[in-house]
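Novice: Have a look at this prediction, sequence included:
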Amino acid sequence: MSEVFKTVPAESMAGSASLDADAVRAAYRRWAGIYDYVFGAVSASARAEAVAAVNRAPGVAVLEVGVGTGLALPLYQSDKRITGIDLSAEMLDRARSRVRQQALANVDQLLELDAEDTGFETGRFDIAVAMFVASVVPHPIKLAAELRRVVRPGGTILFVNHFASESGPVSWVERAMAPASRALGWHPDFAIDRLIAPEDAAGLTARRMRPFGLFRLVSMINPPRVER
Ligand SMILES: C[S@@+](CC[C@H](N)C(=O)[O-])C[C@H]1O[C@@H](n2cnc3c(N)ncnc32)[C@H](O)[C@@H]1O
């Protein structure tokens, strides 16, 4: 099992304020105007590393879920075709402006859709990437299941996220911040097993990213579909 699973057990989330879709929309309505200034710099290197992994992955059709203000969009190779989705109309407005201003011809669609239930046809994408989204969506396990559905078997699924620390001062801060989840729009004490159950983690790799190992890049090759 990957070292990423040696994290905080899911039960420790019990004290966190839960996020529903309306709370996400409300939080990102507030964040949209300042998101790039507040979060852009600290997340830039992890985002660049994740998009580089997308660019290296086989296939052309890319789904970026929780595309936000579109900070990643200029980083994709021109031969990748990008569909971006997000719950927040205000974040998407910013992404659309970016596409217009930078004439990003490989961005095919930016759609207001729920990443947990996209309505895309099964196996439509070669690659799906969710950057700083897994700890924001209301039901992370549903997000992971939906990405497995819309990515073809053998395709690539990537997550970039902060995952909760096992112990020490950082974990105390994460737990102290957890009740503010609704206002923040994400869960500071998010545990990896809320996203991927250990039994679904075969072939999963995880590596820490800059700055300070704060974020992790989790990647997996989508297994063949098994009816459950
Ligand atoms: C922290 S921002 C990350 C934005 C972008 N990925 C980036 O790298 O800057 C999280 C984004 O996920 C979106 N989001 C949260 N839940 C979602 C859902 N269920 N479906 C689609 N987007 C969602 C939010 O609206 C927000 O734009």
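Specialist: Right, received. Where do you want to start?
Novice: So which residues on the protein come close to the ligand?
Specialist: When proximity is defined as CB under 6 Å from any ligand atom, the chain approaches the ligand at 24, 28, 43, 47, 65-68, 71-72, 85-88, 91, 114-116, 131-133, 136-137, 186. Any C-beta I mention is one placed from the backbone N, CA and C, and that applies to glycine too.
Novice: contacting residues around the spatially most central residue of the chain?
Specialist: With distances taken as CA atoms, centre = their mean, Ala130 lies nearest the centre of the chain, 2.6 Å away. Applying CB atoms under 8 Å, 6 or more residues apart in numbering to Ala130 gives the contacts Glu64, Val65, Gly66, Ala115, Leu143, Leu147, Leu158, Phe159, Val160, Asn161.
Novice: Kindly provide the whole-number mean pLDDT of the helix or strand where Ala27 lies.
Specialist: Assigned by DSSP states H and E, Ala27 belongs to helix 21-31. The predicted model gives helix 21-31 an average pLDDT of 92.
Novice: same deal with stretch 134-143?
Specialist: The average of the pLDDT scores along stretch 134-143 is 90.
Novice: Next, the distance between the ends of that stretch.
Specialist: End-to-end distance of stretch 134-143 (CA to CA, to the nearest Å): 8 Å.
Novice: Can you pull out the low-pLDDT segments for this structure?
Specialist: For the chain, the stretches flagged by pLDDT under 70 are 1-18, 164-189, 211-213, 226-228.
Novice: tell me what the longest helix along the chain is packed against?
Specialist: Longest among the helix segments of the chain by residue count, using DSSP state H, is helix 35-56. If you count contacts as 3 or more CB pairs under 8 Å, 6 or more residues apart in numbering; DSSP states H and E, helix 35-56 packs onto helix 21-31, helix 89-102, strand 125-131, strand 151-161, strand 205-209, strand 215-221.
Novice: Nearest to Val60, out of those?
Specialist: Taking CB to CB, strand 125-131 is the member of the helices and strands packed on helix 35-56 nearest to Val60, at 6.1 Å.
Novice: quick one on the thing from earlier: what's the angle from the longest helix of the chain to strand 125-131?
Specialist: 150 degrees (axes from the mean of the first three to the mean of the last three CA atoms, to 10 degrees).
Novice: Pull out the buried residues from the helix holding Ala27.
Specialist: Buried residues in helix 21-31, defined by neighbour count with 16 or more other CB atoms under 10 Å: Ala23, Val24, Arg25, Ala26, Ala27, Tyr28, Trp31.
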